[in-house]
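Colleague: Need the 3D shape of this:
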Amino acid sequence: VVIAIVVPFAVCLAALCTPPDLLLLLARPMLSEKSKRDLTAWSYPTSLAFWMAGLLGYYPGILAHHLLGSVAVGEGIVFSAAGGISDLSSAAFRAAVVCDPSFMAHPD
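Modeller: Got it, this is the predicted structure:
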């Protein structure tokens, strides 16, 4: 009985949310950096997309930033595929600084 109610509700909810999400995903590359950050309600998914692409190298991180609008978040802990904290000299960190010059900047 619960499945008969929950599944149709979930399908309807997904059907209603998908078009706006697709439009926002298509529009993100054309938005300014400030607009991208303002439209991001929770920074973890976009940051995770950036770091996962960055694990593949410098250019995948740059492409994820430009095509998906993903942004690196410096406050979170970034883990490598091996499970340890990422090396600060890695390609992902270099791409993060290029995509966002204020990334992890600490004003004195």
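
Colleague: and Trp51, how many neighbours?
Modeller: Residue neighbour count, defined by other C-beta atoms under 10 Å, stands at 24 for Trp51. Bear in mind the C-beta positions are built from the backbone N, C-alpha and C, glycine included.

Colleague: To clarify, my last question referred to Ala49.
Modeller: For Ala49, the count of nearby residues is 18 (other C-beta under 10 Å).

Colleague: Quick one: residues contacting it.
Modeller: When the contact criterion is C-beta atoms under 8 Å, 6 or more residues apart in numbering, the partners of Ala49 are Ala64, Leu68, Ser70.

Colleague: Neighbour count and pLDDT for these - can I get that in TSV?
Modeller: Output for the contacts of Ala49, formatted as TSV (neighbours: other C-beta atoms under 10 Å; pLDDT from 0 to 100):
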residue	neighbour count	pLDDT
Ala64	24	85
Leu68	16	77
Ser70	26	78
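
Colleague: so of those, which ones are in helices?
Modeller: Counting by DSSP state H, those place none of their members in helices.

Colleague: in terms of contact, does Tyr44 touch Ser70 like I think?
Modeller: No. Tyr44 is beyond contact range of Ser70, at 11.0 Å (criterion: C-beta atoms under 8 Å).

Colleague: Now the element after the lengthiest helix in the chain, going C-ward?
Modeller: When the chain is parsed with DSSP H, its longest helix is helix 2-27. Sequence order places helix 33-39 as the next helix or strand after helix 2-27, per DSSP states H and E.

Colleague: which among the contacts of Ala49 gets closest to Ala15?
Modeller: Distance to Ala15 across those (C-beta to C-beta) is lowest for Leu68, with 22.8 Å.
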